[in-house]
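Peer 1: fold the following and give me the result.
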Amino acid sequence: MAILLPGLAHAAGEDDNAKGVTVTVFKATKSCFAATAEVFGVLLPAEEATVSPTREGLRVAQVLVDLGASVTAGQPLVRLTQPEGGEISLVAPVAGTISAVNAVVGTVASMRADPLFRIIARGEFEMVGEVPAKDMPLLSSGQVATIKVVGAPSVQGRVRSVSSTIDPITQLGQVRIQVVTQKPRLLVNASGRATIKTGESCNVAVPLSAILYGSGGAVIQVVRRQRIETRRVEVGLMSSGQVEIKDGLTEGDIVVARAGALLREGDPVRTIAADSSATK
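Peer 2: You can find the predicted model right below:
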C-alpha cells in the first residue's frame, strides 16, 4: 500500500494552487452610505418687492439705480416729474438687489403698466424644482441640500416646503429649497440641481468592479481556502464607485477586487492583496 506522506500532500496542494490564476483581493469592510434625492429646477427670488407710481401722469425724470445694483430700504430709485410741477422720488421698500428696471427717462409712468423696478428682497433666493413621486415621502422641511447652479459655485440650501400633491401626468412633485449661502452672484431663472440627504445606511461595501450582474441578479466572488466561491448578494446604495451590500457578504470576507466571468465556482487562485488589510 502506498503511503502519502504529509510533506507530499502539502506539495500537491501547492501544485494545485500554482495552476490557479492570480487575482487581486481585499478584505470587506463596513462603510456608511448617504441616501439622497435629486431636485432639478430654477432659481427664483424667495421674496420679490415691486415699485410703481402711486398715481397717473408722472413722467420719469431720472433713473438713479442700475440693473443688478444692491439697494437699502428707503434708498431713492427714480425721480418723477409731476404735471403740476416739482419732482417726487420713489424709494426702495426693502433692501435687496434690483432684478428688473422698466423706468425709462422721458416716458410716462403708469400704475397699470409693469412695475418700474423689481427687487429681490434681501438678495435671497430659493430653488423651485421637481422630484419623482417615489422620493416625495423621503423629503421634509429643514433637510440640508447642496445646490449646483449653472455658471456659479455650489451653494448650500435647506428644504423650505414639499408639495402635498404630484402632477398626474409627469408624476413629479414640487419642492422649494431656500438658499442659505449666497457668496456667488446668483441669477434669476438660472437652472440648478440640488442633492438632498434623506438618510444613511451602514453596511459592508465593495467597489463596483467586484460585482457581476446576470439574469439571476448580482453576485460577488470571494476566496476561501484559495478557491473561488460565488455569492449571490443584495446591493443597496452607491457612492463614489462603492456599492453597499445589504445581504450575502460578511465583514472580513476576502473578495475578488475585479470579478471575472472566467472565474468559476471552486477554481483555485493565487491572491495578491489590494492593500495591507487583505490576507492571502
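Peer 1: flag the shaky bits of this protein, pLDDT-wise.
Peer 2: In the predicted model of the chain, residues 1-19, 183-184, 275-280 satisfy pLDDT under 70.
Peer 1: mind checking how far F125 is from R232?
Peer 2: 48 Å (Cβ to Cβ, to the nearest Å). (Glycine included, C-beta is placed from N, CA and C.)
Peer 1: who's more crowded, those two?
Peer 2: Shown here are F125 and R232; by other Cβ atoms under 10 Å, F125 has more neighbours (27 against 12).
Peer 1: hey, where'd the helices end up in the stretch 151-280 of the chain?
Peer 2: Counting by DSSP state H, counting those that start in this stretch, the stretch 151-280 of the chain yields no residue ranges for helices.
Peer 1: repeat that for the stretch 1-150 of the chain.
Peer 2: Using DSSP H, counting those that start in this stretch, helices in the stretch 1-150 of the chain cover 6-18.
Peer 1: and the strands in it, which stretches?
Peer 2: In the stretch 1-150 of the chain, the strands defined using DSSP state E, counting those that start in this stretch lie at 21-27, 29-45, 48-51, 58-63, 70-71, 76-81, 87-91, 96-101, 108-109, 117-121, 125-132, 144-149.
Peer 1: of these, which is nearest K246?
Peer 2: Of all those, strand 29-45 sits nearest to K246, with 10.3 Å by Cβ to Cβ.
Peer 1: parallel or antiparallel, list what pairs with the closest one.
Peer 2: Strand 29-45 sits in its sheet next to strand 125-132 (antiparallel), strand 191-207 (antiparallel), going by DSSP bridges.
Peer 1: and that strand, C-alpha only, in CSV?
Peer 2: Extracted in CSV, the C-alpha atoms of strand 29-45 (Å, rounded to 0.1, in the frame of the first residue of the first chain):
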residue,chain,number,x,y,z
THR,A,29,-15.2,46.4,5.5
LYS,A,30,-18.1,48.4,6.6
SER,A,31,-18.9,51.9,5.3
CYS,A,32,-21.8,54.3,5.5
PHE,A,33,-23.7,55.5,2.5
ALA,A,34,-25.9,58.6,2.3
ALA,A,35,-29.3,58.2,0.7
THR,A,36,-30.1,61.2,-1.5
ALA,A,37,-32.8,62.7,-3.6
GLU,A,38,-32.1,64.9,-6.6
VAL,A,39,-34.1,68.0,-7.4
PHE,A,40,-33.9,69.8,-10.8
GLY,A,41,-35.3,73.3,-11.1
VAL,A,42,-34.6,77.1,-11.4
LEU,A,43,-33.6,79.8,-9.0
LEU,A,44,-36.3,82.4,-8.1
PRO,A,45,-36.4,85.3,-5.6
